[in-house]
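> I would like the atomic coordinates for the input below:
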Amino acid sequence: MYTVIILHDSEEVLVVPSNWVSSEKTHCYWPPFKSTEKCMEAIQNKLNPETEGKPWEKLCIIFLGQYDTFEMAKEGQKQYKEQEEQSNPLDTVLPGIKRLRSGSTQGMLNNQLLLPASLASTSRMSADDKVEILQVLRDIKSKIQQNSTMLKKLLKDNTVSEAPSSTCVPSKNLNLPLRTLEDVSRTEMELNNATTRKKYVKQLSRLGGFVPKDVIKNIMQQVLTDDLATQFNWLGRGDKKPFSKLILTDVIRDAALNRNVNRGDCETEMKKYLSYAAGRKKSKEQGGPGHEFLNIISTSMMDN
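Predicted coordinates:
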């Protein structure tokens, strides 16, 4: 399926695969390709929104509609553009002024700027009326630029922690990462306190990540070392401890939920992280990732 969207920054009307659009229909992934041909090829082939395992840039959008085929989406895009041209005649008269989109910046200006009544009758405009209208439009443009600057700053502040990173660290007030089973026992006692638990959830949810795998990886590698992780599996099979029984596990679930990772995906990624711990540890001891794949397989089989 394909979706017709408007990009907030450029106001372009585009057709993109529906799997590039977030479930809330407020953001869209966009490929890093500089070539227009490559972008079109990615759209028509409905590529997964990532390159070499790295998620694409996330852009703010306005959702217009969803269609079964690319051709139907292109027709919807064309119809929307035609409607916009008919409803915004000033776009052709004053092409230097960006039109205000209904439902966005127009609402913020309704109580601040009023166009003169003479705008409705351009054929009878005097020279003074034209000067007044141009001045009002300049004011509108200035207000839009100010709002755009504020919006970009807010978006930047809100997404600065979203990039996956293995170097993110929680507050120094948290005694992490845990290194021994004694550390785990101490932390479990601390987490019985509701205030302490909220503090852990708040800090861990700031570690970033775009997809569930990255969110859980960033949290888990800050919560416990690989040495300690090898002493756990999900249910405590064999001689290992049950990670699923810890209060800390509920804290990780709550932190992940704050980053829109549901319970099922969270548990799946925690299980994977624990099962791969022995492989990561051995790889580090051997000085690189050369033996990690075989270790991962053998560790997964042992846990299962």
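> Residue 59 belongs to a helix?
No: assessed with DSSP: H, G, I helix; E, B strand; the rest coil, residue 59 is strand; it does not lie in a helix.
> For it, list each beta-bridge partner.
residue 28 (DSSP bridges).
> okay, it: pLDDT?
On pLDDT, residue 59 comes in at 88.
> so what's it up against?
Counting by CB atoms under 8 Å, 6 or more residues apart in numbering, residue 59 touches 7, 8, 9, 27, 28, 29, 30. In this view, the C-beta of every residue, glycine as well, is placed from N, C-alpha and C.
> which one of those is nearest residue 82?
residue 7 (18.8 Å; CB to CB).
> Any idea how many residues pack against the closest one?
Applying other CB atoms under 10 Å, we find 16 residues neighbouring residue 7.
> so who does it touch?
By CB under 8 Å, 6+ apart, the contact set of residue 7 is 14, 28, 59, 60, 61.
> pLDDT wise, what is it at?
84.
> could you measure it against residue 271, distance?
Separation of residue 7 from residue 271 (CB to CB, to the nearest Å) stands at 38 Å.
> for residue 3, same thing?
With CB to CB as the criterion, residue 3 and residue 271 are 33 Å apart.
> Sheet-wise, list the partners of the helix or strand that contains residue 14 with their directions.
Using DSSP states H and E, the element containing residue 14 is strand 13-17. Applying DSSP bridges, strand 13-17 is found paired with strand 2-7 (antiparallel).
> before we move on, the earlier item: what about residue 3 and residue 271, which has more around it?
More crowded of residue 3 and residue 271, by other CB under 10 Å: residue 3, with 22 against 19.
> So which residue is dead centre in the protein?
residue 210 (5.3 Å; CA atoms, centre = their mean).
> where does it land in three-state SS?
Residue 210 - assigned by three-state DSSP - is coil.
> next one: the one 3 residues further on
Taking three-state DSSP as the rule, one finds residue 213 in the helix state.
> so who does it touch?
269, 272.
> hmm, try it at 6 Å
Neighbour list for residue 213: residue 269 [criterion: CB atoms under 6 Å, 6 or more residues apart in numbering].
> so where do the helices sit in this structure?
36-45, 70-87, 90-93, 105-109, 127-159, 181-190, 194-204, 212-223, 226-229, 247-257, 263-275, 277-285, 292-303 (DSSP state H).
> low-confidence ranges in the stretch 151-300 of the chain?
Scanning the stretch 151-300 of the chain for pLDDT under 70 picks out 156-173, 287-300.
> try it again with 80
Within the stretch 151-300 of the chain, the stretches with pLDDT under 80 are 152-174, 286-300.
> and the gap between the residue nearest to the centre of the chain and residue 260?
10 Å.
> Just give the number of residues close to the residue nearest to residue 277 when sequence neighbours are not counted.
In space, and not counting its chain neighbours, residue 277 is closest to residue 229: 3.6 Å by CB to CB, 6 or more residues apart in numbering. Burial measure for residue 229: 23 neighbouring residues, criterion other CB under 10 Å.
> Mark out where each domain of this structure begins and ends.
1-87, 89-160, 181-303 (automatic domain parsing).
> okay, the ones you listed in JSON lines with distance to residue 175 next?
Formatted as JSON lines, those follow (distance: least, CB to CB, whole Å):
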{"stretch": "domain 1-87", "distance to residue 175": "31"}
{"stretch": "domain 89-160", "distance to residue 175": "26"}
{"stretch": "domain 181-303", "distance to residue 175": "7"}
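> highest average neighbour count across those domains?
Ranked by mean neighbour count under mean count of other CB atoms under 10 Å, the domains of the chain are led by domain 181-303, which reaches a mean of 17.
> chain center to it, what's the gap?
22 Å (CA atoms, centre = their mean, to the nearest Å).
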